[in-house]
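Chemist: Kindly generate the corresponding structure for this input.
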Amino acid sequence: AYINGTIDQETLYVRVENNLTGCYDIVTLELIVDPLPNSTQPSYAQYSLCDYDQSKIGYEIFDLSSKEADILLGQTGMSVTFYPSR
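Modeler: Have a look, this model is predicted:
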């Protein structure tokens with residue numbers, strides 16, 4: 001476990017050594033701490049659709065990706081994944 005001493009970004013020097021020969025190499029490792037994305041539950045309590053296709057009563061196709069901008073509060077460069085709640 002390592003706790004970075006510099007906020008947001010820090011450079012570590014890593015020594016990798018062969019135990020048999022004693023040969024080693026030193027490389028740098030950049031630690032970058034990214035802020036958590038902001039997200040929210042959409043402002044509406046439910047996402048409802050009318051059952052236009054009566055052949056499968058009680059079923060309809062929901063386009064959840066249409067709600068991503070609301071969930072991400074307009075942020076870009078992020079992805080949203082949906083999971084069933086069972």
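
Chemist: Give me the phi and psi angles of residue 68.
Modeler: In terms of degrees, to the nearest 10, the main-chain angles of residue 68 are phi -60, psi -40.

Chemist: all helices for this protein, in order.
Modeler: For the chain, the helices defined by DSSP state H occupy 68-72.

Chemist: Tell me which helix or strand in it has the weakest average pLDDT.
Modeler: helix 68-72 (a mean of 85; mean pLDDT, DSSP states H and E).

Chemist: now residue 65, nearest residue through space, not along the chain?
Modeler: residue 80 (7.7 Å; CB to CB, 6 or more residues apart in numbering). (Each C-beta comes from the backbone N, C-alpha and C, glycine too.)

Chemist: Quick check, the one you found in contact with residue 68.
Modeler: Yes. Shown here, residue 80 and residue 68 form a contact pair, counting by CB atoms under 8 Å, at 4.7 Å.

Chemist: circling back to that earlier point, and the least confident helix or strand of the chain, what's buried?
Modeler: 71-72 (16 or more other CB atoms under 10 Å).

Chemist: Which parts of the protein are strands?
Modeler: For the chain, the strands defined by DSSP state E occupy 9-17, 24-32.

Chemist: Show residues contacting the first one.
Modeler: The reference is to strand 9-17. 2, 4, 23-33 (CB atoms under 8 Å, 6 or more residues apart in numbering).

Chemist: farthest-separated two in those?
Modeler: Spanning the widest gap among the contacts of strand 9-17 are 23 and 33, at 32.9 Å by CB to CB.

Chemist: can you list the weak-confidence ranges in the chain?
Modeler: Low-confidence segments of the chain (pLDDT under 70): 43-45, 86.

Chemist: Thanks a lot, catch you later.
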